[in-house]
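In: Need a 3D model of the following:
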Amino acid sequence: MNPSNTFEDFVKLVSILRKECPWDRKQTHHSIKDNLIEEAYEAVEAIDNEDFDELSKELGDLLLHVVFQTKMASEKNHFTIEDVIFKISEKLIRRHPHVFADTSVNNEDEVASNWESIKLKEGKKSILDGVPRHLPGLIRAYRMQEKAANVGFDWEEWQLAWDKLNEEIDEWREAVTHQTAAEQKEEFGDLLFSLVNVGRLLKIDAEDAIRVANRKFDDRFRYIEEKLGEKGSSVVEANLAEMDLLWNEAKSISRK
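Out: The predicted structure follows:
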């Protein structure tokens, strides 16, 4: 079989692999679910790096998981790829009445509000039902806040949320000084939630921001390891003063 750029050929390719490859044949929905998450994060990394050649590859990996999961489901008559395509098409049309029907909207905020109203009419018990519990904490906090904001439950301006953030800092400091470990953990969680909220109101995505911070730390610490290695030393042998000096060098280089 030769490579092809048609969706139909790709579905056929996955079907062949499912039948002929011992590894593919052995997989279940659960056995590869973590791989699906991993591929999504690799796609996000390509986006952050603005590496579009890599992004095209990672999106292909995600497409593979969509088709592969669907193939396994079809084997037990749960659903087919046609069902998947129809359901997402139907949902997009239903949730965009301002495009496909006669609903009028003036801005993206009204679009978001209508979206949440339509979801409730579809049978959702809460507007928060669409936020998976297994999402990373910062992403889930942001999405819950965003959904609440879509129906008007939000601070009027970021300065008010900042006041709440300062209140949570004071409460966490009090917990660290006088309360139990469990209470300290709870107050720290409240502080993180408030910090995500301030960032959201300032159009800063907390998960994106922490990824940038993590990358900076990774780059700078690796710089320390590299420079110490050039001197025949290591982070295990160096003292804090030596590492701090190299850390500041790395900061200076990154700013330039």
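In: Spell out which residues make up each domain of this protein.
Out: Residue ranges for the domains of the chain, per automatic domain parsing: 7-93, 110-198, 208-255.
In: And the helices in the stretch 151-256 of the chain?
Out: For the stretch 151-256 of the chain, the helices defined by DSSP state H, counting those that start in this stretch cover 158-178, 181-201, 206-230, 240-255.
In: Touching the longest one from outside, list them.
Out: So the one you mean is helix 206-230. 48, 136, 138-139, 141-142, 195-196, 199-200, 234-235, 237-238, 242-243, 246-247, 249-251, 253-254 (CB atoms under 8 Å, 6 or more residues apart in numbering). C-beta: built from backbone N, CA, C; applies to glycine.
In: now swap in the first one and tell me
Out: Counting by CB under 8 Å, 6+ apart, helix 158-178 makes contact with 155, 183-184, 186-188, 190-191, 193-195, 197-198, 201-202, all of which sit outside it.
In: Please report how far Glu200 lies from Leu64.
Out: Not quite, residue 200 is Arg, not Glu. 33 Å (CB to CB, to the nearest Å).
In: before we move on, the earlier item: which one of the domains of the chain lies nearest to Met1?
Out: Among the domains of the chain, domain 7-93 comes nearest to Met1, with 6.4 Å by CB to CB.
In: first to last residue in that closest one, what's the distance?
Out: Domain 7-93 has an end-to-end distance of 22 Å (CA to CA, to the nearest Å).
In: do stretch 44-55 as well
Out: Taking CA to CA, stretch 44-55 runs 8 Å from one end to the other.
In: same thing with stretch 119-138?
Out: Using CA to CA, the end-to-end distance of stretch 119-138 comes to 23 Å.
In: before we move on, back to that, just say which of the helices of the stretch 151-256 of the chain is most tucked in.
Out: helix 181-201 (a mean of 18; mean count of other CB atoms under 10 Å).
In: from the chain's centre, how far out does it sit?
Out: Distance, stretch centre to chain centre, for helix 181-201: 19 Å (CA atoms, centre = their mean, to the nearest Å).
In: from now on call the first residue 38
Out: In the new count, where the first residue is 38, that last one comes out as helix 218-238.
In: now what about it, what contacts it?
Out: So helix 218-238 is contacted by 174-175, 178-179, 182-183, 186, 191-192, 194-195, 198-199, 201-202, 204-206, 208-209, 211-213, 216, 242-243, 246 (CB under 8 Å, 6+ apart).
In: likewise stretch 272-291?
Out: Identification of contacts with stretch 272-291 by CB under 8 Å, 6+ apart yields 253, 256-258, 260-262, 264-265, 270.
In: mind giving me TSV with these and columns for distance to Asp71?
Out: Formatted as TSV, the contacts of stretch 272-291 follow (distance: CB to CB, whole Å):
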residue	distance to Asp71
Lys253	27
Asp256	27
Arg257	30
Phe258	27
Tyr260	32
Ile261	32
Glu262	29
Lys264	36
Leu265	35
Ser270	38
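In: Quick check: the two most widely separated of those?
Out: Lys253 and Ser270 (23.1 Å).
In: re the thing from before, out of the helices of the stretch 188-293 of the chain, which is closest to Ile155?
Out: Closest among the helices of the stretch 188-293 of the chain, using CB to CB: helix 218-238, at 22.7 Å.
In: Relative to Val235, how far out is Val241?
Out: One thing to correct before we go on: residue 241 is Ile, not Val. In terms of CB to CB, Ile241 sits 8 Å off from Val235.
In: again with Asn72
Out: Taking CB to CB, one finds Asn72 at 35 Å from Val235.
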